[in-house]
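A.B. asks: For reference, the sequence and a predicted model appear below.
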Amino acid sequence: MSKYRPPQVWTFNTESGGQFANINKPTAGAQQERTLPVGRHPLQLYSLATPNGVKVTILLEELLALGHEGAEYDAHLIRVNEGEQFGSNFVAINPNSKIPALLDHSTSPPTRVFESDAILVYLAEKFGAFIPQDSSARAECLSWLMWQMGAGPFLGGGFGHFYAYAPEKWEYPINRYAMKVKRQLDLLDKNLAERAYLCGDEYNISDMAVYPWYGAAVLHNIYDAAEFLDVASYKNVVRWAKEIEERPAVKRGRRVNRSWGPEETRLPERHDASDFD
Ligand SMILES: N[C@@H](CCC(=O)N[C@@H](CS)C(=O)NCC(=O)O)C(=O)O
C-alpha cells in the first residue's frame, strides 16, 4: 500500500525522477533566447527522429518521391534532451515546446505548424496528396489520424513511461496501460484483417501517423516490451508495418534527424536529397 497522500495544493519542489525528468517543468514558454538556423528551402522543419518526428519526414520523402519538388525541405536537429525546444525561436513556432515544428516560408508571412498530425494534414492538403479528396474516404482517413493522436500517448506517455522510464516498476500503471495498448493493437489488427491499409486500399497520412508508433511496437521491440505485450500475435499489424517499412521513402524518412544508432541509420541534418548518399 502506497504511503503517498496528495497535498492540498500541488507544488513543483522536487524532480519526479525517471528518465527525462530533467526537462519536465509545470510551466510553458521560452526558457532562453536562441535563434534557429534557416536553410534554403521554403519548408523548414525543426525536429528529431522520434515517432512523432518521423511521421513528418516520411510524408516529406513520400511527396518528393511522387515528384512534388515544392516539398524540398531543410530538417534541423532539435536535441530535446538538451532542452533546445525551450529556445525562444523554437517556442515562436511551437508554443508547446515539442518537436516536430514546421515553418513554411512559401507563404507571406511564413506559416507555422505544430502538432505532428496537424503538420501531416497541412502538407497533404498543400500538395493534394496522401489525403483522400472524396469526403467519405477523407472522413475515414481523418478518423484514424485523430485516433492516433488520442491513442499514441497511452503507448508512449503511459505504457512506455511506466514500463521503461519510471524509476521503479509499479504494477497498477503497468497493468492499466498494457491493457490499453493491447486493446489498441487488437483494434488495429482487426481493422487490418479486412484492409490493406488503415483506411482501405490506399496508403495515406493515417498510415504514416500510426506506423512510427504501432509499427515500431510490433517490429522494433520498443520499451523492450515485445514479449511482454506478445506483439507477434498481431499478425495483420506486423504484415502492414513490414510493408510500409520497405518503402524507400519510409527508409529515408526514418533516418532524418536521427543522431543515434548505427552510423548508416543516422542523418542528423537533411538539406538536400544527396545527403542520403
Ligand atoms: N502531440 C505532439 C507530441 C510531440 C512530442 O511529444 N514530442 C516529444 C518528442 S516525441 C518532445 O518534443 N518532447 C520534448 C519535451 O517534452 O520537452 C505531436 O504529435 O506533435
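C.D. replies: Sure, I can see it. Numbers count the residues shown, from 1 in each chain.
A.B. asks: same for the lengthiest helix in the chain, what does it pack against?
C.D. replies: Ranked by number of residues, the top helix in the chain under DSSP state H is helix 171-194. Packed against helix 171-194 by the contact rule (3 or more CB pairs under 8 Å, 6 or more residues apart in numbering; DSSP states H and E) you find helix 216-219, helix 235-245. Yep, even glycine has a C-beta here, placed from its N, CA and C like the rest.
A.B. asks: okay, the ones you listed, which one's buried deepest?
C.D. replies: Mean neighbour count, computed with mean count of other CB atoms under 10 Å, is highest for helix 216-219 among those, reaching a mean of 22.
A.B. asks: which outside residues touch that one?
C.D. replies: 51, 155, 181, 185, 222, 225-226, 229, 231-232, 234, 237-238, 241-242, 245 (CB atoms under 8 Å, 6 or more residues apart in numbering).
A.B. asks: which one of the helices and strands packed on helix 171-194 lies closest to Glu171?
C.D. replies: Ranking the helices and strands packed on helix 171-194 by proximity to Glu171 (CB to CB) places helix 216-219 first, at 21.0 Å.
A.B. asks: In CSV, list the C-alpha atoms belonging to the closest one.
C.D. replies: C-alpha atoms of helix 216-219 as CSV (Å, rounded to 0.1, in the frame of the first residue of the first chain):
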residue,chain,number,x,y,z
ALA,A,216,7.7,0.2,-34.1
ALA,A,217,5.8,-1.6,-31.3
VAL,A,218,5.4,-4.8,-33.4
LEU,A,219,8.7,-4.7,-35.3
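A.B. asks: Whether that helix contacts the ligand - can you check?
C.D. replies: No: applying CB under 6 Å from any ligand atom, one finds helix 216-219 separated from the ligand by no less than 11.9 Å.
A.B. asks: any idea of the mean pLDDT in that helix?
C.D. replies: When pLDDT is averaged over helix 216-219, the result is 98.
A.B. asks: cool, and stretch 232-252?
C.D. replies: 98.
A.B. asks: Measure how far it is from the centre of its chain, please.
C.D. replies: Relative to the centre of its chain, stretch 232-252 is centred 16 Å away, using CA atoms, centre = their mean, to the nearest Å.
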